[in-house]
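S.K.: sequence and predicted model, in that order:
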Amino acid sequence: MTESDSAAAAALDAGDGAGDERRDFLLIATSVIGATGTALALWPFIDTMNPSADVLALASTEIDLSPIEEGQSITIVWRGKPVFVRRRTAAEIEEARATPLDQLPDPEPDEARAEKSEWLILVGICTHLGCIPLGQKSGDPRGNFGGWFCPCHGSHYDTSGRIRKGPAPENLVRPPYAFLDETTIRIG
Amino acid sequence: MVGRILAATVAAVITVAAANAAEAPRPPGQKWSFGEIFGTYDRNALRRGLTVYTSVCGACHSLDLVAYRHLGGVDYTEDQIKAIAAEFEVEDGPDEDGEMFTRTALPADTFAAPFPNVQAARAANGGTYPPDLSLITKARKRGADYLYALLTEYRDEAPEGFELLDGMYYNEYFPGHQIAMPTPLFEGSVEYTDGTEATVAQMAWDVTTFLAWAAEPEMEERKRLGIKVLIFVLVLTAMLYALKRQIWSRLH
Amino acid sequence: MSQPTWKNPIVAWIDYRLPVFTFAHHELVDYPTPRNLNYWWNFGSLAGVMLVILIVTGVFLAMHYTPHTDYAFASVERIMRDVNYGWLIRYLHMNGGSIFFLVVYIHLFRGLYYGSYKAPREVLWIIGVVIIFCMMATAFMGYVLPWGQMSFWAATVITNLFSAVPLFGEEIVNWLWGGFSVANPTLNRFYALHFLLPFVIFALVFVHLWALHVHKSNNPLGVEMTGDSDSIPFHPYYTIKDAFGLGVLFLVYFAFTFFAPNFFLEPDNYIEANPLVTPTHILPEWYLMPFYAILRAITFDIWFISAKLIGVIAMFASIAVLFLLPWLDTSPVRSATFRPVFKQFFWILVIDCVVLGYVGANPPEGWFIPLGQIATAYYFIHFLVLIPLIGFLERPRAVPDSIASAITAGTNPGVEQS
């Protein structure tokens, strides 16, 4: 609503140019309404750039965990990012829990990393510079700590997805998720 | 491949020739709930119309641009939408082995299409492609009236002297009067859960309401915002006029 | 005109180095404007606002549109259904095009009526005609982008016109298409050009205004401003008048956008493009109908020149003739107010253009063919024969000495009573 711009300018300057003429109500009221209209008209334009309905509809993903065997990992795409879902073995859980926190660059107990100890669900993006760490497939290198290994700059993650060695500053991020039932989770 | 192109061309020529042969009469105007300036979609008719679409039209016609989740815009709850979607299977994939697979439809999916592609739709329908219905009321002049007239005015026999091609049906309101779609609606073609009697007129009315929504799901929001915007601009314009008179009065 | 002194130190600092504020003050505030402009003079600024609205809505649409034949139609529908307020932005853009043309056509006919094309405003006029030509090209390519049936077939028909060019016709058409039919390369380049041209128009508008500000506005009397008593400062008098006019225009524009958004559009464009099925009637948008009628009016070959080529030439000539208008009009008097005969023929031309539009909207069958031919012939006769003749033969009424004297004498029919 560009008319309000020029109206506002017209109105304000008119008073100015008229010198000692009193600032009158109509002029100010019109300017205020015009400016309000312009401001309101901006919103639809700004809002078009927010995530659209079809994007939001895919913002959460439901996953059936039942086909994943113990020790197996799957990668799913959630909001355009890879999410690692690993069904950990008892040994892996044990190893993660036994690690003293003072050995960790980003200390976090394993209990805080997995809602159900068996299921480790993490955003598969290295916290260093955004590469995708290896370790999902059976033949992949898993680094020195049995978790994931980022080939870009050599970050090693453990079986809890915590950074242990290399340049990455933080542990792999835990996405928001909830168990809908025993074998179904909703991420996002 | 060549055969397919040839068939499509022949079909196209027939369509154009048919359309040229005779103009269809103007469909009678109906009083639609959504037709008036502040009108909205009649929710009951729309719900019944969804039943008609899924159990009758949906057998041949796709609705590619409409997703199950869009039903949320006309007061379907999330659970209802999930339940409706769950009645359909959609193709997804490829999976890890490179195979396509089918899965239960989700609210984010568009309405499950009856045929995988246009060619399959043609092949299954005697060479004629049943058009996608997502925009049908917008893609015809006086779309809702036309659709209702088309659905209710099938005739068993063509008028005397009218040469009806093989496998075609006579319809007063279809351009050229020859339509490849057989009479779609019969008394009781569907069973309404709300107890409404499923007459042909009722079903045509309901499915037209549903398809009008499918074509213009933004209509209610558009009208609601439109009235606010127009009132606002009207007030502002009146004030600008008063201000203009005030400023110009200084000239005298 | 006083040199403004800027009180705000930042404004003063900038203005000393780059006098944008002084410039704006001269051209938008102090700018002397004839005191007797009527509401027909609003349409220039209205057109400017519409251009800005179209560019802004267009840029936001471009963020969501996919210029590929497989996705274009669906991406437009995604804008309509899923993008937040996408339907609003698209309908504003779609109807904005029609409103823009409506406003510009009124602006053009205002210029024709009041002789605004005459010396010393010929260049101003010519730039205006170039703007309209660019608008048509932009609008045509924009029509193609949704990739509906009308998009595809309008693109096919219009690009095929160039096949009328002797010797190289086919090569030119293939070059335009980037292939052997309207297809993905065509859509891609139309999108690029549809995005580019509005900015070219914007630059042309700037030059148009530059030329305007050299000799200032014409006015309903068609006599030049001679002194301070003839003019009033642009601000606040015409800023507020333009603002009010804009409010009225927005009422019309928004009424269509919100309550009849598809009024100007052919329903066929909601059917996805199908290269194998031609719609029964291929129609451009309403604002191109008169030119479409001229294009189809020529149904006969002249000597060795094909009807098609003559049609194309006639269509382009219908715009080109406007370039010559300043020299075709032989009358020393500008305003139709004082030209009784010219005034009659002006209105006949208006009717002729409406008839051309009506013919363009209908299939070239039956009596539409001779009607289109007569209307086309009249269009050219008006400019090439009648306008020069009327200038010589007409006896104009007495023209006042100045705007101020006409107002004092009360003989100024154009002046607005406020």
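M.R.: Yes, it's here.

S.K.: for the rest of this, base every contact and every neighbour count on C-alpha atoms.
M.R.: Will do.

S.K.: quick one: the helices in chain B?
M.R.: Residue ranges of the helices in chain B, as given by DSSP state H, are B:2-21, B:43-55, B:78-86, B:118-124, B:143-152, B:200-215, B:219-249.

S.K.: pick the most buried one from those helices.
M.R.: helix B:200-215 (a mean of 24; mean count of other CA atoms under 10 Å in any protein chain shown).

S.K.: and the residue of the stretch 101-250 of chain B nearest chain A?
M.R.: Chain A sits closest to B:A108 of the stretch 101-250 of chain B, with a gap of 5.6 Å, by CA to the nearest CA.

S.K.: what's that residue in contact with, if anything?
M.R.: By CA atoms under 8 Å, 6 or more residues apart in numbering or on different chains, the residues touching B:A108 are A:D54, A:A57, A:L58, B:A67, B:Y68, B:R69.

S.K.: run the last query once more with 10 Å
M.R.: Taking CA atoms under 10 Å, 6 or more residues apart in numbering or on different chains as the criterion, B:A108 is in contact with A:53-58, B:66-70, B:81-82, B:85.

S.K.: in a helix, C:G311, correct?
M.R.: Yes: counting by DSSP: H, G, I helix; E, B strand; the rest coil, C:G311 falls inside a helix.

S.K.: thought B:S55 was touching B:Y192?
M.R.: No: at 11.1 Å, B:S55 does not count as touching B:Y192 under the criterion of CA atoms under 10 Å.

S.K.: common neighbours of these two, please.
M.R.: With CA under 10 Å, 6+ apart as the test, B:S55 and B:Y192 both reach B:G49.

S.K.: and the strands in chain C, which stretches?
M.R.: C:32-34, C:231-233 (DSSP state E).

S.K.: can you give me the pLDDT of the residue of the stretch 101-250 of chain B closest to chain A?
M.R.: If you check B:A108, the pLDDT there is 92.

S.K.: quick check: phi and psi at it.
M.R.: phi -70, psi -10 (degrees, to the nearest 10).

S.K.: pick the most deeply packed of the strands of chain C.
M.R.: Most buried among the strands of chain C, given mean count of other CA under 10 Å as the contact rule, is strand C:32-34, at a mean of 24.

S.K.: quick check, that strand touching chain B?
M.R.: No: counting by CA under 10 Å from any CA of the partner chain, chain B has no neighbours in strand C:32-34; the shortest distance is 12.8 Å.

S.K.: flag every residue of chain C that's near chain A.
M.R.: C:29, C:46, C:49-50, C:52-53, C:56-57, C:60-61, C:63-64, C:78-79, C:81-89, C:235-247, C:250.

S.K.: inside helices: which ones of those?
M.R.: With DSSP H as the criterion, helices contain C:46, C:49-50, C:52-53, C:56-57, C:60-61, C:78-79, C:81, C:86-89, C:235-247, C:250 from among those.

S.K.: out of those, which are close to chain B?
M.R.: Answer for those near chain B (CA under 10 Å from any CA): C:78, C:81, C:86-88, C:236-247, C:250.

S.K.: can I assume A:L180 sits in a helix?
M.R.: No: counting by three-state DSSP, A:L180 falls outside a helix, being strand.

S.K.: for it, which non-adjacent residue is closest in space?
M.R.: Leaving aside its sequence neighbours, A:L180 sits nearest to A:R186 (CA to CA, 6 or more residues apart in numbering or on different chains; 6.7 Å).

S.K.: so where is the chain shaky, pLDDT-wise?
M.R.: As the question left the chain open, I've gone with chain A. A:1-23 (pLDDT under 70).

S.K.: not what I meant, chain C
M.R.: In chain C (pLDDT under 70), the answer is C:1-3, C:411-418.

S.K.: max-length helix in it?
M.R.: Secondary structure of chain C read by DSSP H shows that its longest helix is helix C:184-215.

S.K.: helices and strands around that one, which ones?
M.R.: helix C:43-62, helix C:122-144, helix C:149-160, helix C:169-177 (3 or more CA pairs under 10 Å, 6 or more residues apart in numbering or on different chains; DSSP states H and E).

S.K.: now with 6 Å?
M.R.: Applying 3 or more CA pairs under 6 Å, 6 or more residues apart in numbering or on different chains; DSSP states H and E, one finds that helix C:184-215 makes contact with helix C:122-144.

S.K.: not counting the helix it packs on itself, show me its contacts.
M.R.: C:Y117, C:S151, C:F190, C:H194, C:I201, C:H208, C:A211, C:F323 (CA atoms under 6 Å, 6 or more residues apart in numbering or on different chains).

S.K.: now that helix: how far from the chain's centre is it?
M.R.: Computed by CA atoms, centre = their mean, to the nearest Å, the chain-centroid distance of helix C:122-144 equals 6 Å.

S.K.: which residues of the stretch 1-150 of chain B score low on pLDDT?
M.R.: Residue ranges of the stretch 1-150 of chain B with pLDDT under 70: B:1-23.

S.K.: residue numbers of it in contact with chain A?
M.R.: Within the stretch 1-150 of chain B, the positions lying close to chain A (CA under 6 Å from any CA of the partner chain) are B:A108.
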